[in-house]
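# give me a model of this one.
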Amino acid sequence: MKLLRQIHLIQQDTGAITFNSTGTRFFDIRGDYCNIWEPSILIRGIKSEDSSSVGCSNKELPAASISSASTYDEDLVIVSVSAHHGSDYVFCGRENSTIAAFATKSGVVAHELFRHDGNIAADFPAWNQGHNFLASANRSERVVVRRLSNLSLGSFEVSDLILDEMSSSVIH
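Sure thing, here's the model as predicted:
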C-alpha cells in the first residue's frame, strides 16, 4: 500500500467511514452529516503502464447530486455507518439505539430496522452480503446479529435474530 494523499481537516473529526462492496464509493460521518463519495480514482483502469501503482479511468463521471436530510432530534443522531452491497442504502446506527436503512440518493430513512435493548447508542453496524446478516454492537457491549431480506425498493424484512450476546469487554 502506498499513501497517495494526506488531508488535514479543520472541520469536525470523522466519526465513521466505510466502503461499498465494489470499492467505488465510501461513506463518512462528520458531525451531523453523512457524506457519500464516489471519487474517480477508485474506478480502476484495465491496463497500467506503471506496475508500482494502480491506473485510473479517464472516464468523465456525471456531476454528483447533493441531497440534504437533517434531524433535529438528538436521539436520532447517526453515530455509525455501514454500506449495503447494492449501494442504494447505507445502514446507520443512531444515538437512540436504533439501526435504520437510509437511501443514498435522498438521504432519508428508507426503513427503520431494529432497536437494541435499552437506550444506548448503536455502534459498529457491519453488513455481510453472503448471508444477509446485519451485525451491530452498542455501547453497553451487547452484540446483535440479524438476518435481513430486501423485499422491495426501500423495504427490508428483519427475519431472524442470529445472535444476541454481551461481550466480556468494550467493543472497538
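# burial count for the residue nearest to Leu113 when sequence neighbours are not counted?
The shortest distance from Leu113 to any non-neighbouring residue, by C-beta to C-beta, 6 or more residues apart in numbering, is to Ile99 (4.7 Å). Every residue, glycine included, has its C-beta placed from N, CA and C. Neighbours of Ile99 under the rule other C-beta atoms under 10 Å: 26.
# whichever strand or helix holds Ile99 pairs with which strands?
Ile99 belongs to strand 98-103 when assigned by DSSP states H and E. If you go by DSSP bridges, strand 98-103 pairs up with strand 89-94 (antiparallel), strand 109-115 (antiparallel).
# what sits up against the first one?
The set of residues that contact strand 89-94 without belonging to it, under C-beta atoms under 8 Å, 6 or more residues apart in numbering, is 18, 27, 34, 36, 75-84, 99-104, 110, 113, 121-125, 127, 134, 136, 138, 154.
# thinking again about what came up before, looking at the strands paired with strand 98-103, which is closest to Val145?
strand 109-115 (10.8 Å; C-beta to C-beta).
# please name every helix or strand in contact with the helix or strand following that closest one.
Heading C-terminal from strand 109-115, the first helix or strand you meet, by DSSP H and E, is strand 122-128. With contacts taken as 3 or more C-beta pairs under 8 Å, 6 or more residues apart in numbering; DSSP states H and E, strand 122-128 sits against strand 78-83, strand 89-94, strand 98-103, strand 133-138.
# what angle sits between strand 122-128 and strand 78-83?
10 degrees (axes from the mean of the first three to the mean of the last three C-alpha atoms, to 10 degrees).
# quick one: contacts of strand 122-128?
79-85, 91-94, 97-99, 115-116, 133-139, 171.
# still on that earlier bit, and the contacts of the strand holding Ile99?
34, 69, 84, 88-94, 108-116, 122, 125, 134, 136, 154, 156.
# what do you get for stretch 19-27?
16-18, 34-38, 42-43, 81, 83-85, 87, 90, 104, 129.
# circling back to that earlier point, mind putting the helices and strands packed on strand 122-128 into CSV with mean pLDDT?
Putting the helices and strands packed on strand 122-128 into CSV (pLDDT from 0 to 100) gives the following:
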stretch, mean pLDDT
strand 78-83, 83
strand 89-94, 88
strand 98-103, 89
strand 133-138, 90
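# got these as CSV, with distance to Asp164 columns?
Output for the helices and strands packed on strand 122-128, formatted as CSV (distance: least, C-beta to C-beta, whole Å):
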stretch, distance to Asp164
strand 78-83, 18
strand 89-94, 16
strand 98-103, 13
strand 133-138, 11
